[in-house]
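**Student:** Sequence first, predicted model second:
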Amino acid sequence: AEQSLIASVFVNSKILEQCSLKPDDFYKTSHQKIYKTFLDLKARGENVDLVSFGECYAHDRDLVGYAVKLTDTAPITVDAKTTSKIIKSSRVKRDLLFSLQDIQDRVETTNIDKLLDYAQSEIMKYTVSQTDNKIYHIKDLLADHIIQIEKDNTIKKEATTKLGFKSLDKYLNLSGPNYIVIAGRPSMGKTAFALSVIKNLATNNRRPGIISLEMGRGKLLDRWLAMMTGINSMNFHRYRSLKQDEWQSLQDTVSVMYDVWDVLISDSPASSIENLERQARQMKARGATEIFIDQLSHIGGDSDDDFKNYTKHSNRIARLKKELDIPIFLLAQLNRKLEDRQDKEPRLSDLKMTGSLEEDSDVSILLYRPAYYEKNAQDKAAKAMDVVVNIAKNRDGETWKEEEVIVFNKNKTLFEEDFRRITKYR
C-alpha cells in the first residue's frame, strides 16, 4: 500500500488532496522521507514530481533511484483514500503491538491497579480516523437538515454544563474540562446537592455520570424518586407504607425518568485512584457529559497519611479532567478542625487541610446549613431550609455566596430555588 500510494503521487500529485497522512504513518524510513518531501513541496507551491524530488535529494542517489523504481514498478492506486486508510490502520496496528509488548513487559513488575490503568489508557488512545472529504449536493442535505432544525426548535438542549440554579449559573462557565470541588462538613448536603444537580442536568438533555463510592445504586434511585415525588424514601421499602396516590405518583415518575433521563451510574468500590480513573474513562467512552465522584475520602490510597492520599488523588483527577475534556465534580469532606471555631461556616482556607484541592480545582463550592449547629429546637426548625452555597473559588469568573435563593427541602432531600426570590436572575 505504501509503495502504491507513493508511486501514484509521483504520477498524479493531485491525489495528495485525498490523503490525510503524516510521514510517520509510513513504516519504511525511505517512504517517510519521500512523503515528507511531498508535503514540503506542496506547502511551497512547487510541483510534486520526480524532477522536483530529485532536486531535493540530489545528494542521495540511492533514494532518488528507489523513487524512480517505485514509479516504474509499483501498482497505481485507483482509490487513494482507501489506500491511505490502509496505511493509517497498519500504523495503528504497529503502535498497538508495541504497546501490548510494553504492557507485557510490565506484568511481572507493576502493581495490578497501575498496570490496568496504564493498559486502559494506552489502548483507548488508538483510533483510525480519516477526514471525510466527501462533497455533498444540497438535495442530499436538506431533508435531514430540516429535521434537525425541527428538533432544535422543539427540544431544549444545553450546550454547556449548567447546574440548574440560575443564581449560580450566572457566575459559572463550566464548558470543557473543569474540576469542581463540592465541599462541606458531614450532614451539609454534599450528596443531596450533587444529586440535585444531576437531576437538573438529566432533565436538560445532558448525560451525567456518577461514580458513587458511598451510596449504592438503589439508594441513589430512592433519593431521586423522593426528589421527584415528595414521598419520604423511608416508605419505599416498608411493608404497605405507600398510599394508592403515592403509588401512582411513583409509577408516573419512573415512567418519566425512564423516557427522559440519560444518567450513567457506577457504584463499584474504588480500591485505588487507578480504578476510579478506569471507571471515569469508561463513562466518557459511553458519552458522559459530566462526571460526579462521591466522594474523595472513599478512594483507596497507598499511604497511611490521608493528606498525602488526598493530594495524590486530587492531582490525578485534575489531570483526568484534561484527558476526558469534560467537567468532573468531586465531593469532599472538610477537616473537622473548623468545628473548633465559633463561626462554623467553611472558608476556602479550610480546603488546605484536605490535600491540594484548593490549588487543583477550577471551582470550589462550599456548602453550609446553619440549622445543623443550632441547639435550640425552635431555631433549628426556623432555619431548616436555610443553606449557604459559596462559590469560594472560580478560576474563570467571579466568586459568589448565595444565601437567599437556594433552599434545602429536607423532605425531598433536594436543593432547589425559591421561585418567589428568583426573578432577579431571569
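**Tutor:** Right, received. Where do you want to start?

**Student:** okay, CA-based contacts and neighbour counts for the rest of this
**Tutor:** Noted.

**Student:** List the contacts of the nearest residue to residue 228 once chain neighbours are set aside.
**Tutor:** For residue 228, ignoring the flanking residues on the chain, the nearest one in space by CA to CA, 6 or more residues apart in numbering is residue 253 at 6.8 Å. For residue 253, the contact set (CA atoms under 8 Å, 6 or more residues apart in numbering) comprises 225, 228-229.

**Student:** Also residue 122?
**Tutor:** Counted by CA under 8 Å, 6+ apart, residue 122 has contacts residue 99.

**Student:** tell me the phi and psi of it?
**Tutor:** phi -70, psi -50 (degrees, to the nearest 10).

**Student:** Likewise for residue 406?
**Tutor:** Dihedral angles for residue 406 - degrees, to the nearest 10 - are phi -90, psi 130.

**Student:** Neighbours of it, how many?
**Tutor:** 23 (other CA atoms under 10 Å).

**Student:** repeat for residue 41
**Tutor:** Residue 41: 17 neighbours (other CA under 10 Å).

**Student:** Find the nearest non-adjacent residue to it, please.
**Tutor:** Closest to residue 41 by CA to CA, 6+ apart is residue 48, at 6.0 Å.

**Student:** SS state for the one you found?
**Tutor:** coil (DSSP: H, G, I helix; E, B strand; the rest coil).

**Student:** Quick check: which ranges of the stretch 101-250 of the chain have low pLDDT?
**Tutor:** The model of the stretch 101-250 of the chain has pLDDT under 70 over residues 125-145, 147-148, 151-152, 155-159.

**Student:** For it, which segments count as strands?
**Tutor:** 178-184, 208-212 (DSSP state E, counting those that start in this stretch).

**Student:** right, and those strands - which one's nearest residue 219?
**Tutor:** For the strands of the stretch 101-250 of the chain, proximity to residue 219 was assessed by CA to CA; strand 208-212 is nearest, at 10.2 Å.

**Student:** Give me the distance from the host helix or strand of the residue nearest to residue 228 to the chain's centre.
**Tutor:** Residue 253 is part of helix 244-260 when elements are defined by DSSP states H and E. In terms of CA atoms, centre = their mean, to the nearest Å, the centre of helix 244-260 is found 30 Å from the chain centre.

**Student:** With stretch 383-392 instead?
**Tutor:** With CA atoms, centre = their mean, you get 28 Å for stretch 383-392.

**Student:** ditto for stretch 162-173
**Tutor:** The answer for stretch 162-173 is 19 Å, by CA atoms, centre = their mean.

**Student:** what do you get for stretch 221-229?
**Tutor:** 25 Å.

**Student:** quick revisit: the residue nearest to residue 41: what's it in contact with?
**Tutor:** Counting by CA under 8 Å, 6+ apart, residue 48 has contacts 9-10, 13, 38, 41-42.

**Student:** Could you report the separation of the closest residue to residue 18 other than its chain neighbours from residue 7?
**Tutor:** In space, residue 18 comes closest to residue 81 once its chain neighbours are excluded; the distance is 5.5 Å by CA to CA, 6+ apart. Taking CA to CA, to the nearest Å as the measure, residue 81 falls 15 Å from residue 7.

**Student:** how about the longest helix belonging to the chain: buried residues?
**Tutor:** What stands out as the longest helix in the chain, according to DSSP state H, is helix 80-106. Neighbour counts using 16 or more other CA atoms under 10 Å place 80-81, 83-85, 87-92, 96, 99, 103, 106 of helix 80-106 among the buried residues.

**Student:** so which of the contacts of residue 253 is the most crowded?
**Tutor:** Result: residue 225 is most packed of the contacts of residue 253 (other CA under 10 Å), 22 neighbours.

**Student:** hmm, back to that, my guess is the residue nearest to residue 18 meets residue 21, correct?
**Tutor:** No. Checked against CA atoms under 8 Å, the pair residue 81 and residue 21 is beyond contact range at 9.9 Å.

**Student:** For residue 410, list the residues it contacts.
**Tutor:** Counting by CA under 8 Å, 6+ apart, residue 410 has contacts 384-385.

**Student:** Let me see the confidence value for it.
**Tutor:** For residue 410, the model assigns a pLDDT of 86.

**Student:** Please tell me how far it sits from residue 403.
**Tutor:** 17 Å.

**Student:** Report the two of the buried residues of helix 80-106 separated the most.
**Tutor:** 80 and 106 (39.2 Å).

**Student:** rewinding a little: now go through the contacts of residue 48 and say which are in helices.
**Tutor:** 9-10, 38, 41-42.

**Student:** Now do the same contact list for residue 120.
**Tutor:** Contacts of residue 120 (CA under 8 Å, 6+ apart): residue 278.

**Student:** separation between it and residue 90?
**Tutor:** 21 Å.

**Student:** Please apply the same query to residue 23.
**Tutor:** On the measure of CA to CA, residue 23 and residue 90 end up 13 Å apart.

**Student:** Now residue 163: phi and psi?
**Tutor:** phi -70, psi -20.

**Student:** ok, for it, nearest residue in space, not its chain neighbours?
**Tutor:** Sequence neighbours aside, residue 197 is the residue nearest to residue 163 in space, at 5.3 Å (criterion: CA to CA, 6+ apart).

**Student:** Many thanks, have a good one.
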